[in-house]
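1. Sequence below, structure please.
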Amino acid sequence: MKSCSYWMIIPITVSVLAAVGFIVVYELALVNKKICRIDSFEKKRMCKLRPPFISVAGDSPPESCIFSQIMNMTAFLVTIIGVLRYSQLKVKVRQPWLNILGLISTFLSSFGMTLVANFQLSNNTVTHNVGALITIGFAILTCWIQTSLTFEVKMNKEARFLGIIRFLLSAVITLTFIVYLVLAAQRSYFSSAKTQWALALCVLFYLGTFALDFRYYDFEVLAREKYPRKFELRQKATDVSVSIR
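-> Now for the predicted structure:
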């Protein structure tokens, strides 16, 4: 039996870290009476606080400090996952453009996370909402691209099963996002908040599935420093490459 690679810890860390972080932010917002409970909407007694959207829960200190840190760390780790996945498939995929598109889509989704993290909803609503749309829009695109690549490459014996799981998750994520937009447009805030939480958790679960792709792979980053000739101006150039075993 092969021993699992330590690189599989990264996807698991992203899923657990973000999920726990969001829950901590939500619970703190409840304690400080800034949002309603996600299950408190009833016809007989309607909560008068703000609806429990993830961004609303992390809109003001001290919750916003934790929310920003979690989102920035998640964006960084997702970027690493994107680079590792691209490197893993680079020599195996028949359609290089699809692999490149998956990498770019991951980068853009991570960039959207940083906008969401650093521009709170009440301080800069437009930038925050644009960042949210970039994040989820390119996250959905990434999910479908990686699902397609999973079926194409078939890197291990569980590839077909993993591809089916990713296909179902991609479909659920896409459908949930559409439902969220419809409910938000109808000003059904509590229902749309629940949908937003379901959407976020499904995306995090999808990220966690990359642990199965990385478990038997070893990634090595090699850095070489080149020096110019003796009488030329001193310059340094670094050549970084990733090798996969």
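2. if you skip the residues just before and after it, what's nearest to L84?
-> Spatial nearest neighbour of L84, excluding adjacent residues (Cβ to Cβ, 6 or more residues apart in numbering): F219 at 5.8 Å. Where you see a C-beta, it was placed from the backbone N, CA and C, and this is true even at glycine.
3. Surely that neighbour and Y6 touch.
-> No: counting by Cβ atoms under 8 Å, F219 sits too far from Y6 to count as a contact (9.9 Å).
4. These two: which has the busier surroundings?
-> Each of F219 and Y6 has its neighbours counted (other Cβ atoms under 10 Å); F219 has more, 17 against 11.
5. does that one have beta-bridge partners, and which?
-> For F219, the beta-bridge partners are I244 (DSSP bridges).
6. gap between it and W7?
-> With the distance defined as Cβ to Cβ, to the nearest Å, F219 ends up 6 Å from W7.
7. shared neighbours, these two?
-> L84 (Cβ atoms under 8 Å, 6 or more residues apart in numbering).
8. any idea how far the residue nearest to L84 lies from R37?
-> 43 Å.
9. Skip the chain neighbours and tell me the closest residue to A139.
-> Going by Cβ to Cβ, 6+ apart, A139 has S109 as its nearest residue, at 4.6 Å.
10. tell me the mean pLDDT over whichever strand or helix holds Q146?
-> Assigned by DSSP states H and E, Q146 falls within helix 125-153. In this model, helix 125-153 has an average pLDDT of 95.
11. Show me what secondary structure element comes after that helix.
-> helix 159-185.
12. Tell me how many other residues crowd V179.
-> The tally of other residues near V179 (other Cβ under 10 Å) stands at 15.
13. Identify the spatial nearest neighbour of the spatially most central residue of the chain, chain neighbours not counted.
-> For the chain, V78 is the residue whose C-alpha lies nearest the centre (Cα atoms, centre = their mean; 5.6 Å). In space, and not counting its chain neighbours, V78 is closest to S110: 4.9 Å by Cβ to Cβ, 6+ apart.
14. Isn't that neighbour up against I80?
-> No: S110 is beyond contact range of I80, at 9.5 Å (criterion: Cβ under 8 Å).
15. So for these two, which residue has more residues nearby?
-> S110 (25 against 16).
16. Can you point out the helix or strand that includes that one?
-> If you go by DSSP H and E, S110 is part of helix 96-118.
17. can you pull the buried residues of that helix?
-> Neighbour counts over helix 96-118 (16 or more other Cβ atoms under 10 Å) mark 99, 102-103, 105-110, 112-118 as buried.
18. again, but for stretch 183-193
-> L183, A184, Y189, F190, S191, S192, A193.
19. contacting residues for the last one?
-> In this case it means A193. Shown in contact with A193 (Cβ under 8 Å, 6+ apart): I38, P51, P52, F53, V56.
20. And it, how far from A200?
-> In terms of Cβ to Cβ, A193 sits 11 Å off from A200.
21. Check the second one too.
-> Here the criterion is Cβ to Cβ. By it, A184 lies 15 Å from A200.
22. go on, the first one?
-> Separation of L183 from A200 (Cβ to Cβ) stands at 15 Å.
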